[in-house]
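Engineer: Here's a sequence, model it:
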Amino acid sequence: MALFSRVNLFIIIFKYLLTITPIFSYSNEVPNFLDLAKEPQVFEWMVDIRRKIHENPELGYEEFETSKLIRAKLDELGIPYKHPVAVTGVIGYIGTGLPPFVALRADMDALLMQELVEWEHKSKVPGKMHACGHDAHVSMLLGAAKILKDHEKYFNGTVVLVFQPAEEGAGGAKKILDAGVLENVSAIFGLHMHANLPLGEVASRSGPLFAGSGFFEAIISGKGGHAALPHHSIDPTLAASNVILSLQHIISRESDPLDPLVLSVTKFQGGAALNVIPDSVTIGGTFRAFSKKSFMQMRHRIEQVIIAQAGVYRCNATVSFLEEEKPLIPPTVNNGDLHDYFQSVAKSLLGADKVKGVELIMGSEDFALYQEVVPGYMFFLGMEDISVEHLAMAHSPYYKVNEDSLPYGAALHASLAVNYLAKLHQEVAAVEEKYHDEL
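Structural biologist: Have a look, this model is predicted:
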């Protein structure tokens, strides 16, 4: 009887809290987030942030000024945060500070590349450039934070803002996870700019999106000597050449033709003199796959083939996968339930005709590391206006961001987070009601 009374008391309190705390929905009471994000005071605020970051690009784990700017904007908005996380990362919190938690991620590092676009806000740092849109990612997440903070009373739970360092091959996502700041998160969302997708459109898919990626380097050692007397040497150049050919057979003769894989040798360094056989040759490259099983099998075979094939030519080989400098990135695999949810929210916000599918992409994204421990979803945000110009793809020195895309990204971030919290809240209420009915 006492148990029955306690359960009833819990349900009464829970229902009372539901009545006093409104759940967000698209209604006349709360403006559409896209309308809010397009308002001049929000749009111009995001543009200013993006340009400041673009002028001062910083590489992975060196984003000190970017991090300082983010913290200043969060302070301006009255949003609490943790810092430092993963060296330069910032984790912000909007809402009740209590469960449920949903995360939004923006990466913030630049690339080692000289910008060749001449404009007022060109990179001021020689040899460094935001050529992948991370400056826009940060400004859009801050734009979402600004909107969400103004409408904090309309949602239950907490939105976690993840400003992540070192996405470009240095494993920033892993350091964020290792810091333990996402342990209670129910889902995480991320976006990436797409240069050839029309402005105001989004694209994604359920299941694999980006490939997993790894790097390898091998030193093949023989015995150097005069090129005129090859029989006195053990030629590592010949061994390395045959290693490269044998590596290609992993793709052509060992893998399922319906399972896309890539293995590219991009480095071959040996001697300097034209008449000297070197003591050793160094080769290296990258490998990609869309399933973790295929990815790990390829990693295993790369090492086997290099060592065994070098041995055929009387050479020794050592293989490194460079995991300290360039951690292995698993495939980016979008959660199926979150795909259905994303489609619903994006169509409501943008219109059904603005939500597209996308093909598999052999590039990689360390957002995949989050997806290994938290249900996660990544999508592309279009920014091309063909009436103005065709935009260069990411990692080009001519890369540009169409700043008219910023409100769309901010609104999508905010809509995905708030509606997901409402969804979780309603599911809890349904479970409690069912439990009450069963008593």
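
Engineer: which residue is nearest the middle of the chain?
Structural biologist: Phe367 (3.4 Å; CA atoms, centre = their mean).

Engineer: Go ahead and confirm that residue touches Pro330.
Structural biologist: No - look at Phe367 against Pro330 with CB atoms under 8 Å: they stay out of range, at 10.3 Å. (C-beta placed from N, C-alpha, C; glycine too.)

Engineer: Strands along the stretch 51-200 of the chain, start to end?
Structural biologist: 81-85, 89-95, 101-107, 158-164, 185-198 (DSSP state E, counting those that start in this stretch).

Engineer: Relative to His137, which of these is closest?
Structural biologist: Closest approach to His137 among the strands of the stretch 51-200 of the chain is made by strand 101-107 (4.0 Å; CB to CB).

Engineer: Now do Leu209 against Gly270, distance only.
Structural biologist: For Leu209, the distance to Gly270 equals 38 Å [CB to CB, to the nearest Å].

Engineer: Give me the average confidence score over stretch 238-246.
Structural biologist: Average pLDDT, stretch 238-246: 97.

Engineer: Send over that stretch as PDB, restricted to the C-alpha atoms.
Structural biologist: Extracted in PDB, the C-alpha atoms of stretch 238-246 (Å, rounded to 0.1, in the frame of the first residue of the first chain):
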ATOM      1  CA  LEU A 238      62.500  -3.300 -56.100                       C
ATOM      2  CA  ALA A 239      60.900  -4.700 -52.900                       C
ATOM      3  CA  ALA A 240      58.900  -1.500 -52.300                       C
ATOM      4  CA  SER A 241      57.700  -1.400 -55.900                       C
ATOM      5  CA  ASN A 242      56.300  -4.900 -55.600                       C
ATOM      6  CA  VAL A 243      54.800  -4.200 -52.200                       C
ATOM      7  CA  ILE A 244      52.800  -1.400 -53.700                       C
ATOM      8  CA  LEU A 245      51.500  -3.700 -56.500                       C
ATOM      9  CA  SER A 246      50.600  -6.400 -54.000                       C
END
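
Engineer: Buried residues in that stretch, which are they?
Structural biologist: Leu238, Ala239, Ala240, Ser241, Val243, Ile244, Ser246 (16 or more other CB atoms under 10 Å).

Engineer: Stretch 381-393 too?
Structural biologist: For stretch 381-393, the neighbour count (16+ other CB under 10 Å) marks Leu381, Gly382, Met383, Glu384, Leu391, Ala392 as buried.

Engineer: contacts for it?
Structural biologist: Here stretch 381-393 makes contact (CB atoms under 8 Å, 6 or more residues apart in numbering) with 191-203, 398-402, 404-405, 408-409, 412.

Engineer: Now do the domain split for the protein, please.
Structural biologist: 2-210+331-434, 212-320 (automatic domain parsing).

Engineer: any idea how far the last one is from the chain center?
Structural biologist: Meaning domain 212-320. Offset of domain 212-320 from its chain centre (CA atoms, centre = their mean, to the nearest Å): 30 Å.

Engineer: Now do the end-to-end distance for it.
Structural biologist: End-to-end distance of domain 212-320 (CA to CA, to the nearest Å): 17 Å.

Engineer: can you give me the helices in this structure?
Structural biologist: 2-20, 33-38, 40-55, 64-77, 134-150, 172-178, 236-249, 292-312, 336-350, 367-371, 406-438 (DSSP state H).

Engineer: if you compare the domains of the chain, which one is most tucked away?
Structural biologist: domain 2-210+331-434 (a mean of 19; mean count of other CB atoms under 10 Å).

Engineer: So what's the gap between it and the chain middle?
Structural biologist: When distances are taken as CA atoms, centre = their mean, domain 2-210+331-434 is centred 10 Å away from the chain's centroid.

Engineer: coming back round to it: comparing the domains of the chain, which gets the lowest mean pLDDT score?
Structural biologist: Of all the domains of the chain, the minimum mean pLDDT falls on domain 2-210+331-434 (a mean of 90).

Engineer: any idea of the pLDDT on Glu323?
Structural biologist: 89.

Engineer: what's the neighbour count on it?
Structural biologist: Neighbours of Glu323 under the rule other CB atoms under 10 Å: 11.

Engineer: measure it to Ser221 for me?
Structural biologist: 22 Å.

Engineer: One more: Ile250?
Structural biologist: Applying CB to CB to Ile250 and Ser221 gives a distance of 22 Å.

Engineer: same deal with Ala203?
Structural biologist: 48 Å.

Engineer: Contacts made by stretch 216-230 with the rest, please.
Structural biologist: 232-236, 239-240, 243, 267, 271, 274-287, 299, 302-303, 306, 310, 313-322.

Engineer: Restrict that stretch to CA atoms and write it as PDB.
Structural biologist: In PDB, the C-alpha atoms belonging to stretch 216-230 read as follows (Å, rounded to 0.1, in the frame of the first residue of the first chain):
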ATOM      1  CA  PHE A 216      50.200   3.800 -42.700                       C
ATOM      2  CA  GLU A 217      53.900   4.200 -43.200                       C
ATOM      3  CA  ALA A 218      56.400   1.400 -43.800                       C
ATOM      4  CA  ILE A 219      60.200   1.300 -43.900                       C
ATOM      5  CA  ILE A 220      61.600  -1.400 -46.100                       C
ATOM      6  CA  SER A 221      65.200  -2.100 -45.400                       C
ATOM      7  CA  GLY A 222      67.800  -3.800 -47.500                       C
ATOM      8  CA  LYS A 223      71.400  -3.300 -48.200                       C
ATOM      9  CA  GLY A 224      72.700  -0.400 -50.200                       C
ATOM     10  CA  GLY A 225      75.400  -0.400 -52.800                       C
ATOM     11  CA  HIS A 226      76.500   0.700 -56.200                       C
ATOM     12  CA  ALA A 227      73.800   0.500 -58.800                       C
ATOM     13  CA  ALA A 228      76.300  -1.100 -61.300                       C
ATOM     14  CA  LEU A 229      76.800  -4.000 -58.900                       C
ATOM     15  CA  PRO A 230      73.200  -4.900 -57.800                       C
END
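
Engineer: Reformat the strands of the stretch 51-200 of the chain as a markdown table; add distance to Ala422.
Structural biologist: Formatted as a markdown table, the strands of the stretch 51-200 of the chain follow (distance: least, CB to CB, whole Å):
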| stretch | distance to Ala422 |
| --- | --- |
| strand 81-85 | 24 |
| strand 89-95 | 12 |
| strand 101-107 | 10 |
| strand 158-164 | 12 |
| strand 185-198 | 12 |
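
Engineer: Enumerate every residue touching Ser204.
Structural biologist: Asn334, His339, Phe342, Gly357, Val358, Tyr377, Met378, Phe379, Phe380.

Engineer: Identify the bridge partners of it.
Structural biologist: Beta-bridge partners for Ser204, by DSSP bridges, are Gly357.

Engineer: Tell me how far it lies from Ile361.
Structural biologist: Going from Ser204 to Ile361 by CB to CB gives 11 Å.
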